[in-house]
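Trainee: whatever this is, show me its structure:
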Amino acid sequence: MPFAAIPAVVAFLLGAAPAPAAAPDLTAKCIACHAKSTPGIVSDWKLSRHAAVSVGCDSCHGTAHSTAADASKARLPTPDTCAQCHATQVEQYKGSKHALAWAAMMAMPTFHNQPAVFTDGLKGCGGCHAIGLKEEADRKAIAKVSGRNYGSGSCDSCHTRHTFSVREAREPRACKTCHMGFDHAQWEMYDSSKHGVRHELVQLGALPKGSSAPTCQTCHMQKGDHGVMTGWGFLAVRLPLPEDPQWRADQVTILKALGVLDPAGKPTTMLEVVKAAKVARLTQEDWQAQRTKMIDTCKQCHSENFARSQMERGDLSIQSADRLMAQAIEIVAGLYRDGILQKPKGQFFDYPNVLQFHDSQTVVEQKLFVMFMEHRMRTFQGSFHNSPDYALWYGWSMMQRDLTEIREAAKEMRRAADPSPRR
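Mentor: Just a heads-up that it's a prediction; the model follows:
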């Protein structure tokens with residue numbers, strides 16, 4: 001077999017289509033320059049599988065850029081660039097919540113009020129949500145603020161350039177950059193869970209290699225499937241509504257505070273946004289498909305009965321959180337209806353918008369936002385990630401405190417609005 005044919009055979013055996021043939025002389029020219037200007041990039045590429053199978057610079061960046069003077073002509077890869085060799089993975093990605101990450105961020109009502117450096121400059125929400133597919137207008141806005149065209153989607157969010165390592169993307173730490181912090185502390189929950197602890201112990205050698213030690217990818221990217229999706233979605237609301245009358249009523253209240261339902265309980269245009277961004281499952285079939293997939297994964301280590309009971313406890317944690325959340329929402333809605341609290345500009349309904357974020361104008365509305373986006377999230381996310389401390393103390397217990405403070409603040413606001421002496 002000719003030596004030149006070996007890289008293509010290696011790629012085939014690895015399950016990827018042979019890459020577009022790189023021009024060795026052009027790649028050598030790129031290396032000669034970039035070894036001086038950006039040596040880290042060259043070093044990473046030389047360590048990569050791409051280098052081993054002759055995927056050179058021009059395979060991803062094109063041939064228009066050849067000197068320092070025309071650097072702006074270098075093409076930035078998009079998922080479609082990667083699809084030349086990784087068609088299956090890219091197709092899976094395009095149906096995932098990752099691909100919809102930019103759309104989900106843009107759907108947040110007050111997102112556009114943030115300073116551009118955090119959004120299009122990718123130093124805030126945009127930094128992680130850049131993994132999602134973007135319209136041309138969004139790409140231009142990013143380029144204007146950041147000085148670079150970051151392309152349509154970002155496979156390198158997980159496979160960091162220029163090594164583009166599969167091994168890196170399989171490590172739970174690869175998820176840590178984005179899945180942590182205020183409203184989605186999944187890393188902290190996983191890391192402190194029995195799953196995360198066992199994974200660390202295997203790496204430290206305290207447990208033998210091959211011991212059961214699930215990673216984020218074990219549960220959310222089964223068998224390497226890039227179509228990441230979850231049953232309850234980011235907002236932990238879904239259709240059809242629960243059969244339990246109280247929980248059903250509580251979820252309706254939350255949907256009103258999300259702007260998905262109007263005060264009469266009828267769908268608004270926001271429902272179409274939720275559908276487009278897939279931040280919730282809107283049919284029993286969609287929800288059940290994700291639940292079944294997760295239980296099948298759990299069954300690798302646990303009995304099916306145990307797996308189902310754990311999932312049901314996660315559902316019940318949402319139910320418990322929703323009872324507290326709905327009460328708090330109704331208190332603030334009552335302040336709107338009675339004219340004690342002025343509705344934010346552009347808000348048409350007598351229900352607070354829990355997605356107003358830090359743009360909420362009063363302390364009581366800010367408290368409601370934190371209750372929903374931080375503490376409710378931690379209650380159910382902690383349950384599903386097997387982190388009791390997050391579920392209870394950083395989640396449900398904090399919601400109890402939030403509700404108490406909102407109730408007391410509302411009483412004080414009503415007292416201030418009606419200063420007449422009382423007998």
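Trainee: where does the prediction get shaky in the stretch 301-423 of the chain?
Mentor: 348, 421-423 (pLDDT under 70).
Trainee: now the helices for it?
Mentor: Remark: helices assigned in the stretch 301-423 of the chain by DSSP state H, counting those that start in this stretch are 304-337, 363-370, 377-384, 388-391, 397-417.
Trainee: need these in CSV with mean neighbour count and distance to Ala116, can you?
Mentor: Bear in mind the C-beta positions are built from the backbone N, C-alpha and C, glycine included. What follows is the helices of the stretch 301-423 of the chain, written out as CSV (neighbours: other C-beta atoms under 10 Å; distance: least, C-beta to C-beta, whole Å):
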stretch, mean neighbour count, distance to Ala116
helix 304-337, 18, 30
helix 363-370, 20, 22
helix 377-384, 26, 26
helix 388-391, 19, 33
helix 397-417, 15, 31
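Trainee: residues near Pro242, how many?
Mentor: 16 (other C-beta atoms under 10 Å).
Trainee: what's the answer for Asp80, then?
Mentor: For Asp80, using other C-beta under 10 Å, the count is 13.
Trainee: repeat that for Tyr93.
Mentor: 24.
Trainee: ditto for the one 5 residues further on
Mentor: When counting by other C-beta under 10 Å, one arrives at 24 neighbours for His98.
Trainee: didn't it look like it was pressed against Val228?
Mentor: Yes: judged on C-beta atoms under 8 Å, His98 makes contact with Val228 at a distance of 5.5 Å.
Trainee: you'd agree Gly259 is in a helix?
Mentor: No: counting by DSSP: H, G, I helix; E, B strand; the rest coil, Gly259 is not found in a helix; it is coil.
Trainee: against Asp183, how distant is it?
Mentor: Note on Gly259: its distance to Asp183, by C-beta to C-beta, to the nearest Å, is 18 Å.
Trainee: out of those two, name the residue with the larger neighbour count.
Mentor: Ranked by neighbour count (other C-beta under 10 Å), Gly259 and Asp183 place Gly259 first, with 21 against 15.
Trainee: low-confidence regions, the protein specifically.
Mentor: 1-24, 148-150, 348, 421-423.
Trainee: domain assignment for it?
Mentor: 1-69, 171-224, 245-417 (automatic domain parsing).
Trainee: between those, which one is nearest to Asp138?
Mentor: Asp138 lies closest, by C-beta to C-beta, to one member of the domains of the chain: domain 245-417, at 14.0 Å.
Trainee: list the residues that contact Asn113.
Mentor: Each residue near Asn113 by C-beta atoms under 8 Å, 6 or more residues apart in numbering is listed here: Asp359.
Trainee: list the contacts of Leu26.
Mentor: 56-58, 63, 66.
Trainee: just the ones of these in helices?
Mentor: Among those, the residues falling in helices (DSSP state H) are 57-58.
Trainee: how many other residues sit next to Ser303?
Mentor: 10.
Trainee: correction: the previous question concerned Asp70.
Mentor: 10.
Trainee: are we agreed that it is in a helix?
Mentor: Yes: Asp70: assigned to a helix according to three-state DSSP.
Trainee: so it touches Gly62, yeah?
Mentor: No: taking contacts as C-beta under 8 Å, Asp70 lies outside contact range of Gly62: 11.3 Å.
Trainee: any idea how far Tyr390 is from Met398?
Mentor: 10 Å.
Trainee: okay, and the common contacts of these two?
Mentor: In contact with both Met398 and Tyr390: Arg378, using C-beta under 8 Å, 6+ apart.
Trainee: near the residue nearest to Ser146 when sequence neighbours are not counted, how many other residues are there?
Mentor: Among residues not flanking Ser146 along the chain, Gly121 sits closest, at 5.3 Å (C-beta to C-beta, 6 or more residues apart in numbering). If you count neighbours by other C-beta under 10 Å, Gly121 ends up with 18.
Trainee: for Gly121, helix, strand, or coil?
Mentor: Assignment for Gly121 (three-state DSSP): coil.
Trainee: now do the same contact list for it.
Mentor: With C-beta under 8 Å, 6+ apart, Gly121 has these contacts: 115, 142, 145-146.
Trainee: can you check Pro172 too?
Mentor: Applying C-beta under 8 Å, 6+ apart, the residues contacting Pro172 are 187, 190-191, 196, 199, 215-217.
Trainee: tell me how far it lies from Ile295.
Mentor: In terms of C-beta to C-beta, Pro172 sits 21 Å off from Ile295.
Trainee: what of Thr268?
Mentor: For Thr268 relative to Ile295 (C-beta to C-beta), the value is 34 Å.
Trainee: fine by me, we can end here.
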